[in-house]
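**Q** Turn this into a structure:
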Amino acid sequence: MTTYAVQRHLQGITLQQLSAAQQAAIEAAKAVSAQGDPVTYIRSNFFPADQRCTCLFEAQSREAVERVNQEASLPYDKVEEVMDLPARH
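**A** Residues are numbered from 1 along each chain as shown. The predicted structure is shown next:
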């Protein structure tokens, strides 16, 4: 599976709305996976200074990640392949 970053601007979003958006992404990833196109939500980072958010997903295609965000009704600027480098202990 490939890791994809979804970049979005969420101007004026509240913490409660941000939490709801995260849950919508998680649920949409489960729904798309259940339809046979595996997508896993990994995590999100929110940058309050400029209201920017980056969400990481694992999937077999960019289109599957785009579909998750469309089904969750989440706006996004772009989806791109990234290298996720977790810390090694």
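**Q** Go ahead and confirm residue 18 touches residue 47.
**A** No: counting by C-beta atoms under 8 Å, residue 18 does not reach residue 47; the two are 11.5 Å apart. The way it works is simple: take the backbone N, C-alpha and C, and place the C-beta from them, glycine included.
**Q** Identify the contacts common to those two.
**A** Any residue near both residue 18 and residue 47 by C-beta atoms under 8 Å, 6 or more residues apart in numbering counts here, and that gives residue 53.
**Q** between these two, who's got more neighbours?
**A** A count of neighbours by other C-beta atoms under 10 Å puts residue 18 above the other of residue 18 and residue 47, at 15 against 11.
**Q** host element of the more buried one?
**A** Assigned by DSSP states H and E, residue 18 belongs to helix 15-34.
**Q** How about the helix or strand following that helix, which residues are buried there?
**A** Downstream of helix 15-34, the first helix or strand assigned by DSSP H and E is strand 39-47. Of the residues in strand 39-47, 39, 41, 44, 46 count as buried by neighbour count, 16 or more other C-beta atoms under 10 Å.
**Q** next one: stretch 42-61
**A** 44, 46, 53, 55, 56, 57, 58, 59.
**Q** my read is the fifth one is in a helix, agree?
**A** No: using DSSP: H, G, I helix; E, B strand; the rest coil, the assignment for residue 56 is strand, not a helix.
**Q** hang on, it packs against residue 29?
**A** No: at 11.1 Å, residue 56 does not count as touching residue 29 under the criterion of C-beta under 8 Å.
**Q** who touches both of those two?
**A** Contacts common to residue 56 and residue 29, judged by C-beta under 8 Å, 6+ apart, are residue 41.
**Q** CA-only coordinates of stretch 21-31 in PDB, if you can.
**A** Only the C-alpha atoms of stretch 21-31 are listed here, as PDB (Å, rounded to 0.1, in the frame of the first residue of the first chain):
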ATOM      1  CA  ALA A  21     -14.200  15.900  10.100                       C
ATOM      2  CA  GLN A  22     -11.600  13.400  11.400                       C
ATOM      3  CA  GLN A  23     -14.400  10.900  12.300                       C
ATOM      4  CA  ALA A  24     -16.000  11.400   8.900                       C
ATOM      5  CA  ALA A  25     -12.700  10.600   7.200                       C
ATOM      6  CA  ILE A  26     -12.300   7.400   9.400                       C
ATOM      7  CA  GLU A  27     -15.900   6.300   8.700                       C
ATOM      8  CA  ALA A  28     -15.600   7.000   4.900                       C
ATOM      9  CA  ALA A  29     -12.300   5.000   4.700                       C
ATOM     10  CA  LYS A  30     -14.100   2.100   6.400                       C
ATOM     11  CA  ALA A  31     -17.000   2.300   3.900                       C
END
